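**Student:** Structure here, sequence nowhere to be found:
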């Protein structure tokens with residue numbers, strides 16, 4: 001496995017109004033390592049959608065908690081981990097709604113899977129609710145010029 005270099009670790013309350021600052025930190029961090037805008041945009045979309053799922057579904061309307069975002073540089077890939085302390089979710093029940101069902105909302109899971117190269121839940125240590133990990137292969141600038 002590639003060696004993980006921690007680029008960013010953010011601890012923030014599970015509130016939608018926190019996500020603008022999270023998106024900004026991710027953009028800034030990825031910009032500092034020379035990430036291309038296409039990779040930055042994909043990461044921001046996926047992180048925002050995953051955080052909203054944690055806020056709306058894991059913690060729910062009446063329960064606020066904490067979210068931790070970790071961003072790692074793996075050399076050829078970037079790794080994003082979202083850690084929450086809500087009740088563990090059943091990953092087999094997390095599905096995007098049918099794309100033919102035209103209505104607002106419900107496409108976050110689909111978008112995450114579209115923009116990331118891999119995503120899955122990790123086994124959690126005691127005291128942690130869920131760890132959702134996403135991996136994005138870095139785009140090389142020559143690939144972007146095709």
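**Tutor:** That came in fine, so what should we check first? The shown structure was predicted, so the numbers you read here are calculated from the model rather than taken from an experiment.

**Student:** wait, is residue 53 part of a helix?
**Tutor:** Yes. Assignment of residue 53 by DSSP: H, G, I helix; E, B strand; the rest coil places it within a helix.

**Student:** Per-residue pLDDT of it, please?
**Tutor:** Residue 53 is assigned a pLDDT of 92 by the prediction.

**Student:** Residue 100 too?
**Tutor:** Value for residue 100, per-residue pLDDT: 59.

**Student:** got it, and residue 63?
**Tutor:** 76.

**Student:** Is the closest residue to residue 119 other than its chain neighbours in a helix, a strand, or coil?
**Tutor:** Spatial nearest neighbour of residue 119, excluding adjacent residues (C-beta to C-beta, 6 or more residues apart in numbering): residue 134 at 4.3 Å. C-beta: built from backbone N, CA, C; applies to glycine. Of the three states, residue 134 takes strand according to three-state DSSP.

**Student:** got a list of what residue 134 touches?
**Tutor:** 46-47, 50, 79-82, 112, 116, 118-119 (C-beta atoms under 8 Å, 6 or more residues apart in numbering).

**Student:** Can you pull the phi/psi pair for the spatially most central residue of the chain?
**Tutor:** Nearest residue to the geometric centre of the chain (C-alpha atoms, centre = their mean): residue 47, 3.0 Å. For residue 47, the backbone dihedrals are phi -60, psi -40 (criterion: degrees, to the nearest 10).

**Student:** now swap in residue 36 and tell me
**Tutor:** phi -80, psi 150.

**Student:** how deep is it tucked in, by neighbour count?
**Tutor:** Neighbourhood size, residue 36 [other C-beta atoms under 10 Å]: 16.

**Student:** And the one 4 residues further on, by the same measure?
**Tutor:** Residues within reach of residue 40, counting by other C-beta under 10 Å, total 19.

**Student:** Just the pLDDT for the residue nearest to residue 119.
**Tutor:** So residue 134 comes in at 98 (pLDDT).

**Student:** Report the beta-bridge partners for it.
**Tutor:** When bridges are called by DSSP bridges, residue 134 pairs up with residue 80, residue 119.

**Student:** Torsion angles phi and psi at residue 57?
**Tutor:** According to degrees, to the nearest 10, residue 57 has phi -110, psi -40.

**Student:** Look up how far residue 64 lies from it.
**Tutor:** Residue 57 sits 14 Å away from residue 64, taking C-beta to C-beta, to the nearest Å as the criterion.
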